[in-house]
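K.L.:
Next come a sequence and a model predicted from it.
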Amino acid sequence: METLAWIILGLPLLSAVTIHLGLKSSKNLSAYLATGSAFVTLVLALIILMPETENRALEWATIGDLKIEIGLQLDSFAKGMMIVVTGVGFLVHLFSLAYMKDDSAKERYFCGLSLFMFSMTGIVMAPNFLMMFMFWELVGLSSYLLIGHWYEKDSAADAAKKAFLTNRIGDFGFMIGILMLWGITGTFTFDGLSEFFDGAHPEVLVPSVTILSISILLIFMGAMGKSAQAPLHVWLPDAMEGPTPVSALIHAATMVAAGVFMMARLYTSIGVDTIGHLWGMNTIAWIGGITSLLAALMATQQDDIKKILAYSTLSQLGYMVMAVGLLDPEAGMFHLFTHAWFKALLFLGSGAVIYACHHEQNIWKMGGLQRKMPITFLTFGIGTLALCGFPFTAGFFSKEQILESAAHSKQWGLFAVAALVACLTTFYMLRLFFIAFLGKNRSDKANHAKEVGPLMFVPLVILAVLALLSGYQFLANNLSPLYNHEGFHVGAPFIASISALVIGGFLSWKLYFNAESDPLANNSLCKIFRNKFYIDELYAKIVGYAQDTVAAIVHFIDELVINGLIVGGFSRAAGGIGRIFGRLQSGNLQGYAALFGLGVILVIYLTVFVS
Amino acid sequence: MIPAHFLEAFVLISALALLMFEAFIPSRHKTLIAIGSIGVLVFSLVLLFFAKAPDPTNSEMARFYAWDASAKFFKGFTLLAGILTLALGLDYRKALSKFTANPESEDGTGEYYCLILLATAGMMWMASAKDLVSLFVSLELSTITFYILVAYMRRNVGSLEAGVKFLILGALSTGFLVYGISWLYGASGSTELSAIGASITEANSTYLLFGLALILVSLAFKVGAVPLHLWIPDVYQGSPTPTTSFLSIASKASGFAISLRVLEPFLNSPVTHDKTVTILSILAGATILVGNLAAIPQTNFKRLLAYSSIANAGFILLALAAWDKGSDLTSAQIVGFYLAIYLIMTFAAFFILSTIHRNTGSEEISAFEGLGTRNPFLALMTTVVMAAMAGVPLTAGFYGKFFSFEAGVQASLWVPISIGFIGVAAGFYYYFQIIRAMYWRKSFDESPIKVRPLSLYVLITLTSLLIIFGFFPQPILWLLQAA
Amino acid sequence: MSIIFVLIPVLAALAILCGCKARPTALIASGLTLFLGVGSVFCWKADVWSVTLQVLSKPSIHLAMGFYDGMSLIMVLLSVLVLFTAVFAGKAPEGSQKLYYSSILLIGAGGLGAFLSTDLFFFYAFHELALIPTFLMIGMLGTGERKEAAWKITIYLALGSIILLAGLIWLVSASGSDTWLFKDLLASKIDPKNQTGIAALLIVGFGVLISLFPFHSWAAPAYAAAPAPVAMLHAGVLKKFGLFGLIRLYPMVSSGMQDWLGWLIVLLLCNILWVGFVTINQKRLDMMLGNSSVMHMGYIFLAFAALVQAGGAAANPIAIPAAVVLMFAHGISIALLFLLTDVIRQRTGTVELAELGGLAKSAPRLAFLFGLAGMASIGLPGLANFSGEVLVFLSGFENYKGEGFGCVQVATILALWGVVISAVYILRAYRQTFQGPAISVTELAKDLNLSDQIPAIILAAALLVVGLYPNSLLSLLKKPPYCSGCDQSIEQVDK
Amino acid sequence: MASLNEFLFVSGLLFAVGLAGVIVRRNIIVIFMSLELMLAAASLTLVAFSRYHVTDNGLPDYNGQVFVFFIITVAAAEVAVGLAIIVALYRARQTINVEDLNSMRG
C-alpha cells in the first residue's frame, strides 16, 4: 500500500519532468499526460483511503544522530486531505484541458500543474516539519510559476514575485519556529511531537513555556504567509493574474489551505489540551478573525469577478485559521474540506464565465448570463449558496461548526466577527451573482457568450454536487481530513448564521438587484474598502523606504567608506608616502650626504642610547 | 685539496694577467677576455669544492681567514654572480663600447671583464674575513673596483654621475667604517671579531656599541638599508646594466656576509643582544617600508629594481633581527637562502632588462608593453620572474620572504612584520605592473623582440630554477649546510 | 598519486603554451580530472591516493597530497566539476586562446592543489598559484572596469594571504610540531594564550580570501569584470579555500576562536545583512551576483560560528557537514549563475538590469537554467543550497534547549532574514531579465547553444543530485580520514 | 702627556669637520679632501688607541698602527680612482660642482 503512496507522490513529478524534458514540442500530449497522472493519483488516493498502512521513510540527510527523512505519513488526516488535493486537482486539470486549449505555452502550464500536484502531495503526506517545509517551498515555486504563466505581462510577473516574496517572509518565521521546536523537543516528526508532549502540561516538559509558545507562533507565521493571513495577505488577490483554473486549484482550494492544514497538523500532534496551556494562542484566532473581516469588507467593493472570489477566499481562510486558533482544528479542517469544493466550483465557474466572455473579468460588463450559460449559472449558484452558508449546503455545516466553537470557547468578540463576516459574505456573493448572472447584458462580450463545452461543465457539475453534499456525515466522515460530527442543534450559532444570511441577502438584493452601476461607488467608506484599506500602498511605501532606502544607504556607505575611504585611503596613502620617499631622493649629492649624516646620528642614537 | 685562500689569489692573479693580455688583443677579439674570465671563475667554482681550510699552523693566515659553511657559500655565490655578470656583460658589450673610448669598436670593453674579476676576488675574500683588517681591505678592494665599474661608460653622463655619487658616498661610508673599526679596536683591544665578542662586558659595551653603530652605517650603506639607501636608485639607474646587477647581487650579498660576521658577536652576547636586535629591527622595518613604497610610483624598470633591492635588503635584515630565535633555520642560513634565491631572480630580471633595452632602447616599464604578443615566451618567463620577486608561492621567490617572516614571527618582531605585510602587498602592486604592461597594454611597435641565444639559455635556466626551487628548495639548504 | 590532479592541468597548460591546440587540450585535461575526481569518489582508498615527498628538511615541509578526509574529496569534486565546466563554457577571444585556456587550467590546478594538499605549506602555496592567472585574465580579457578590479582582487588577496601566512607560521611554531603536515599539526596542542592571536590572524587572513566583511569590496567588482570561467572558478572554488582552511585548522585553535566568537558573529551577520542590502541595490546582474556570493559566505561562516561556540565537532556534529555541503552547493550554483550571466552578456550585449527584459520568450532554456540556478541560490528545496542552508540553520540550533537564545541562535535568526533578502534580489533580477515584455535587445537573442548547455546541465545536475539527496554528499564525509587517529573532528562525526 | 680622551676628542673633531665639509662644500675636489680628513681622523683614533693600549710585554699594541698603513694605502687607491672619475666627469660635463649632478632623481 505504501508503494501506492509513493506512486502518488512520484507520479506528478515524473509527469512534470517528462513534460519539461521531452514533450516540449507536443503540447497536447503533455496536457493529456498531466491530466492522466492527476487522474491516476486521484484513483490511488481513493484506493489507499481505507486500508491501514504503515509509514516508511527514506533518509534524506544523516549526520550522526540527526536524521532528516523523506517519508509518508499515511494517517486518515493525510489521506483525507489527499482526496481534496487530487480530487480538485484532477477536475482542474480536466477543466484546464479546455480552458488552456489555445495557450501557446500549454506544456509549461501543465508541467507547472504537475509540479504543484507533486509538491502539494508532499506537504500533505509529510511526516515531519522539515519535509513539509521543503514541499512548502516547492508549492511556493509552482505557485510562482503558474501565477507568472503569462510572464510577458508585467502585472503577472510582478504578482508572481510578490507572492513568492510574501511567502518567504512567512517562511522566515516558519523556519525559526521549526528550529526552535526542534531545539525544544529534539524532533521534527509529528509522531515525535505527540510522543514528546503526550497530552501533558507543557510546564513539566520544557524549560520555558513562553519560548515554546513563541515557537508555535513563529510556525504560525509560515501559515500566515501561505494562507495569506493579515498582514501577509497582500499577495493572494494579485495572484489572480494566473490562469483561472490555477486560481481554483492553488489559490482557493488547496495550497492556500496548506497553512490551515499545517496548523491543524501541529495542533493535533502536540495535542489541543497542551496547546491550550500555552501563551498567546488567541493571537492566532484573532489574526484569522481580523483577516476574514478585512477581506470580506474589501470583497464588497471589488468589480473583478476573480478578485471578489479571491477576497472571499481570504475571508474563508481567516475563518479556518480562526477555528484552529480557537483550538478546534476539526472545525477548521472541515471548513477547509467543504470550502475546497465550493470555492473550486466558484473559481472554475468564473473561469467558464471569463472564457465565455472572452477574458472579460469585470462583473459590470457581464449580466444576463443565466440565459446564455444555464449550466454555469446553476452550478455557480449552488456554489454561491454553499459559500453563503445557506442551510443544508456544505458550507452551512462547516461554518456552523466554527461559530459553534467560538461560542463554545466563550470568545464572543470572535463570534461577533464571524457572524458579521457571514453576513458580509452573503452580501458580496449575492452582489456578484446578481450583477454577473442576472439582469441584462451590459456588454458585447457578455452578449456573445455561450455555454462552455463538456470538458468544462462536467467538472462544474461534479463540484456542484460535492458543494451540496460534502457537508453531510456520510461523505465527510469518510473523506474529510478531520471530522468531528456534532449533532445539529438550534442555538446561538444557528440563529446568528441564519440572521446573517437574511440580512446580507436582503441588503444585497436591495442594492444590487438589477442595478446598472454600483450605488455605493461614491461612499467614502466604500472607497476605502475598494482600495483594500490602502494596505498595498502602505507596504509599497514601507518596502520602498525601509528596504530600498536602507539598501541604497548601505550601498552608499559600503562604496564610500569601506571601499572609498578606508581601502582607497590606504592605497592612496601608500602611493603618497612612496612619493614622499621619492622626493627625498632629490638627486642632489649634498642632500644625500646630509641625509647620510642624519642617518648616522639616528643609527648611533638608536644603537647606543635606546634599548 | 688546495688551501681556500689560493682561490682568491688565483682569481686576482688571473685578473691581472688578463688585464695585461688585454692590451695585446685586437679590438674584435675582446670577447676572448670575457670568455677567459668566465673560464677563470668557472674553474675557481670547481676548485671551491676541493678547497680546504688554510693550514692552522700558518697562524697569520688562519687568524684573518675563515673557512666555514658561510664562507664557502658566499664564495660560491660570488663566483656564480661573477659568471652571470660576465655573461650579461657579453650581451651588453654593444652599449658598453658605445660610451667608451671608441664607439665603433670594442676597444674599451676588455678591461671591464677584468675589473669584474677583481671585484669578485675582493668579495670572495670578504666572505672569509673574520678580522677587521681583512674585512676592511677586502671590502675596499671590491668597492674601489666598483667605483670604476659604475663609472665605466665614461662618455655617458648618467654613468659618470652615478660614479661620482657612488664614489663620494662610498668614501663617506668607508670613513665611518674605519672610524668605527678604530672604536671597536679601542674598546676591545683587538681587531679580531671573535676576540671582540669575547671582550664584551657591561663596562665597555657602550663604546663597543658606538663603534658598532658606525660600522653598521657602513654596512647599511653596503646592503642598501634605510636611511643609508639614498645612493642606490641613482647609482643603479646610471650604471651599466651588468654593473648594476653585480652591485645589487654580489655586492649586497657580501655586505650581508660581513654583516653576519660583524654582528654575530654582538648578537650572541647577552649584554648587547637586545640593543642590536632593536636597531636591526628598526632598520629592517624602515627599509621594507621605504623600499616598497618608494617603488610604487616608479616608471623606470631599472630604478624599480633598485628599490626592489632595497626592499629585499629589508626582508633580509628582518631575518637578521630575528637572530636565531627560529627553531628551524639559523639567521645566517636564512640570509644565505634568501640571497641565493635573490640571485636567481634578480639576474633573471637584469637579463630581461638588458634584452628589452637592446631591442627597444628603453629601460622604462612602458618598454614592456605588448611583450605578450611581441615575444610570448619571454613574456612568460618575465611573468614567472616577477611572480617570484613578488613572492608568490611555488616560485622560489616565496621562500626567502617566508623564512624571514617565520623567523620574525618566532622572534615576535610584530612591528617589522606588520610593515612587511604592507611591503609585500605593495610589492605585488609594483611587480605586477610589469605583467600588466606586458599583457594588458598594446604597443605601437609590434615588431618581435629578439633574445640573444646566451641570454635565452641563461634565462631559461634561471626561470626553471625559480620554479624547481619553488617546489623543491632543499638543494639550496644542502649548499648552505655543506660545511 | 593524487598529485596527478594537479599535474594534468599544469602540464596541459604548459602544452598549450608550447603550441598544442588550446581548447581541445584544455577540454581533454579538465575532462580527465573530472573523470578522476568522480572516479575517486567511487573508489575511495585514502592511501593509494596519497603521496608525501619531503622538499625541505628545516622547516620540515612535504609536498604531500591526498584525500585527507571526505571534506577534501568533496572540495576536489567541486573543483573538477567547476574546472571542466569553466573550460567547456569558456569562449576565448581571437588571438588569446593560449593564454585564456592555460590560465583557466592553472587557476583550476591551484584550487585542486590546495584542497588536495595534506601539508599546510603547500595547502597555502597552491592557492596563490591562481593569483597571477586571475590577475592576467581579469585585466586582459575582462569587461567593464577590468583593470581596477584586477588590481583590487590581486592586492587584497595578496595582503590576505600574507596575513594568513603570518598566522600559519605562528600556528606551526606555537604547536611545536616537527613538520607542516596536517596530521602532525592536528595532533599537537597550542598554548591557549597564543591561540587568541593566531585565531585573529587566521580569521583576518582567511577572511580576506573569503570576502568576509569588511574585507569584501574586492569580490563583486572582480567577479563582475572577470571572464566567465575565472569568475566561476574563483567564486565557485577558490573562495572556498578560506573556509576549508578555517575548518581544517579549527581544532588547533578552538579556544582562540572562541575568544573572537562575538566578532565573528557580527562580521558574518554584516556579510549576510549588510552585503545583502548592498546586493539589493545593485543595478547590474554581474555585480549583483558578485555581491550575492559575498553574502552567501556569511552562511558558511555561520556554521563555523556554531562550531566555534560549541567548542568542537563533538559538541556540534552538524556544523562541519553543513558548511561543507553549503560550500559545495554555493560553488556549483554561483558557477552556473556566472556562466549563464556571461551567456546573457554575449547574447544581448548588456547586463544592466534596466536594459533587459522578456528574455524568457526568446531563450527559454537559458531562462529555465538561470531560474534553476537562481532558485538554488535562494535556497529552494530540491536544490543543493537548501540542503546546505538548512543544515547550517540546524547547526545553529543544535545545542539550543528551549531557554533564552544564545548568540549563535540570534545570529541564525537574523541570518534567516538573509534568505528573504536573497529572494528579493534574485527574483527582482529574474523578473527584470527574463520576464515582462520582450524588448529589442532580447527579442532576437539566441538561446543556449550546445557548448553552453552541456556545462550548464552538468552543474544543474550536480545541484539537483545534492539537493534531492544530500546524503550522497554527506556519506562522503564519513569516509575514513587519511590516517586514523589524526583528525578528531572527522572521526567524531563518524560516530 | 695628553690623555687618551684628548686624542679622541681631537680626532672626533677632525672627523666631524670632515663630515661637515662633505655636506656643505660644493666642489667635488674639496669634498674629496674632506673625505680624506675623515680617514685621517680615523687613523688618529687608531694610533691613539694603539698607543694607550699597552700589551703584557709593555709595548703598545701595534695592531692598530698597522691598520693605519692599510688605511693610507686604501685611501691612496681611492684617491687615484676617484680623481680619474672626477676628471672624466669634468671632460664630459665641464663642471665639478655637485649641484649639477641631478639628472636622476625620484
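P.N.:
Looks like it came in fine.

K.L.:
Wondering if stretch C:126-137 reaches chain B at all.
P.N.:
Yes. Judged by Cβ under 8 Å from any Cβ of the partner chain, stretch C:126-137 and chain B are in contact via C:126-129, C:131-132, C:135-136. Heads up, the C-betas are built off the backbone N, CA and C, glycines and all.

K.L.:
Can you show me the strands along the stretch 1-150 of chain A?
P.N.:
Using DSSP state E, counting those that start in this stretch, the strands of the stretch 1-150 of chain A run over A:57-63, A:66-71.

K.L.:
Show me the one of the ones you listed that comes nearest residue C:149.
P.N.:
Nearest to residue C:149, of all these, is strand A:57-63, at 37.9 Å by Cβ to Cβ.

K.L.:
which bits of the stretch 301-450 of chain B sit near chain C?
P.N.:
Counting by Cβ under 8 Å from any Cβ, the residues of the stretch 301-450 of chain B close to chain C are B:326-329, B:333, B:372-373, B:376, B:380, B:383, B:387, B:390, B:392-394, B:398, B:402, B:405-406, B:409-410, B:417, B:420-421, B:424-425, B:428-429, B:432, B:435-436, B:439-440.

K.L.:
Next: the stretch 201-350 of chain A.
P.N.:
A:206-208, A:211-212.

K.L.:
List buried residues within these.
P.N.:
Listed as buried from these are A:206, A:211-212; burial here means 16 or more other Cβ atoms under 10 Å in any protein chain shown.

K.L.:
Nearest to chain A: which residue in chain D?
P.N.:
residue D:105 (3.1 Å; Cβ to the nearest Cβ).

K.L.:
what's the burial count for that residue?
P.N.:
16 (other Cβ atoms under 10 Å in any protein chain shown).

K.L.:
What is the burial count for the closest residue to residue B:130 other than its chain neighbours?
P.N.:
Leaving aside its sequence neighbours, residue B:130 sits nearest to residue B:66 (Cβ to Cβ, 6 or more residues apart in numbering or on different chains; 4.1 Å). Neighbour count for residue B:66, taken as other Cβ under 10 Å: 21.

K.L.:
likewise residue A:537?
P.N.:
Residues near residue A:537, counting by other Cβ under 10 Å, number 11.

K.L.:
List the buried residues of the helix or strand where it lies.
P.N.:
Residue A:537 belongs to helix A:535-542 when assigned by DSSP states H and E. For helix A:535-542, a neighbour-count test (16+ other Cβ under 10 Å) marks residue A:539 as buried.

K.L.:
Just the CA trace of that helix, in PDB.
P.N.:
Taking C-alpha atoms only, helix A:535-542 is exported to PDB below (Å, rounded to 0.1, in the frame of the first residue of the first chain):
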ATOM      1  CA  ILE A 535      -2.600  48.300   2.700                       C
ATOM      2  CA  ASP A 536      -0.800  47.600  -0.600                       C
ATOM      3  CA  GLU A 537       0.200  51.200  -0.900                       C
ATOM      4  CA  LEU A 538       1.400  51.200   2.700                       C
ATOM      5  CA  TYR A 539       3.500  48.100   2.000                       C
ATOM      6  CA  ALA A 540       4.900  49.600  -1.100                       C
ATOM      7  CA  LYS A 541       5.900  52.600   0.900                       C
ATOM      8  CA  ILE A 542       7.400  50.500   3.600                       C
END
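
K.L.:
right, and the helix or strand after that helix?
P.N.:
Counting by DSSP H and E, the next helix or strand C-terminal to helix A:535-542 is helix A:550-557.

K.L.:
Where does pLDDT dip in the chain?
P.N.:
Answering for chain A, as no chain was given. For chain A, the stretches flagged by pLDDT under 70 are A:1, A:53, A:486-488, A:611.

K.L.:
looking at chain C here, not the other one
P.N.:
In chain C, residues with pLDDT under 70: C:1, C:44-49, C:479-495.

K.L.:
Now distance to residue A:427 too, for the residues of stretch C:126-137 next to chain B, in JSON lines please.
P.N.:
Converted to JSON lines, the residues of stretch C:126-137 next to chain B look like this (distance: Cβ to Cβ, whole Å):
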{"residue": "C:126", "distance to residue A:427": "74"}
{"residue": "C:127", "distance to residue A:427": "70"}
{"residue": "C:128", "distance to residue A:427": "74"}
{"residue": "C:129", "distance to residue A:427": "74"}
{"residue": "C:131", "distance to residue A:427": "72"}
{"residue": "C:132", "distance to residue A:427": "75"}
{"residue": "C:135", "distance to residue A:427": "71"}
{"residue": "C:136", "distance to residue A:427": "73"}
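
K.L.:
Looking at those, spot the one nearest chain A.
P.N.:
Nearest to chain A among the residues of stretch C:126-137 next to chain B, with distances taken as Cβ to the nearest Cβ, is residue C:135, at 15.9 Å.

K.L.:
which residues sit against the helix or strand where that closest one lies?
P.N.:
Per DSSP H and E: residue C:135 is located in helix C:131-141. When contacts are defined by Cβ atoms under 8 Å, 6 or more residues apart in numbering or on different chains, helix C:131-141 is touched by residues B:383, B:387, B:392, B:432, B:435-436, B:439-440, C:92-93, C:96, C:99-100, C:102-104, C:106-107, C:110, C:146-147, C:149-151, C:153-154, C:157-158, C:161, C:222, C:225-227, C:229-230, C:234.

K.L.:
Could you pull up the residues touching the closest residue to chain D within chain C?
P.N.:
Nearest to chain D in chain C, going by Cβ to the nearest Cβ, is residue C:151, at a distance of 22.1 Å. Residue C:151 is in contact with B:429, B:432, C:139, counting by Cβ under 8 Å, 6+ apart.

K.L.:
please redo it, this time with the cut-off set to 10 Å
P.N.:
A:571, B:428-429, B:432-433, B:436, C:135, C:138-139, C:218, C:222 (Cβ atoms under 10 Å, 6 or more residues apart in numbering or on different chains).

K.L.:
residue nearest the centroid of chain B?
P.N.:
residue B:249 (2.1 Å; Cα atoms, centre = their mean).

K.L.:
Hmm, residue B:313 and that residue touching each other?
P.N.:
No. If you go by Cβ atoms under 10 Å, residue B:249 and residue B:313 don't touch, sitting 11.5 Å apart.

K.L.:
Could you pull up phi and psi at the residue in chain B that chain C sits nearest to?
P.N.:
Proximity of chain B to chain C (Cβ to the nearest Cβ) peaks at residue B:393, 3.4 Å away. Dihedral angles of residue B:393 (phi, psi; degrees, to the nearest 10) stand at phi -60, psi 160.

K.L.:
That one: how many residues sit nearby?
P.N.:
A count of neighbours around residue B:393, defined by other Cβ under 10 Å, yields 23.

K.L.:
any idea how far the residue lying closest to it once chain neighbours are set aside lies from residue C:6?
P.N.:
The shortest distance from residue B:393 to any non-neighbouring residue, by Cβ to Cβ, 6+ apart, is to residue C:125 (3.4 Å). Note on residue C:125: its distance to residue C:6, by Cβ to Cβ, to the nearest Å, is 11 Å.

K.L.:
Check residue A:318 too.
P.N.:
From residue A:318 to residue C:6 the distance is 63 Å (Cβ to Cβ).

K.L.:
So between those two, which is more surrounded?
P.N.:
Neighbour count, other Cβ under 10 Å: between residue A:318 and residue C:6, residue A:318 has more, with 31 against 24.

K.L.:
Now the more buried one: which helix or strand?
P.N.:
Assigned by DSSP H and E, residue A:318 falls in helix A:305-325.

K.L.:
Next up, the contacts around the closest residue to chain A within chain B.
P.N.:
Residue nearest to chain A within chain B: residue B:227 (3.3 Å; Cβ to the nearest Cβ). For residue B:227, the residues meeting the contact criterion (Cβ under 10 Å, 6+ apart) are A:584, A:595-596, A:598-603, B:217, B:220-221, B:283, B:286-287, B:290.
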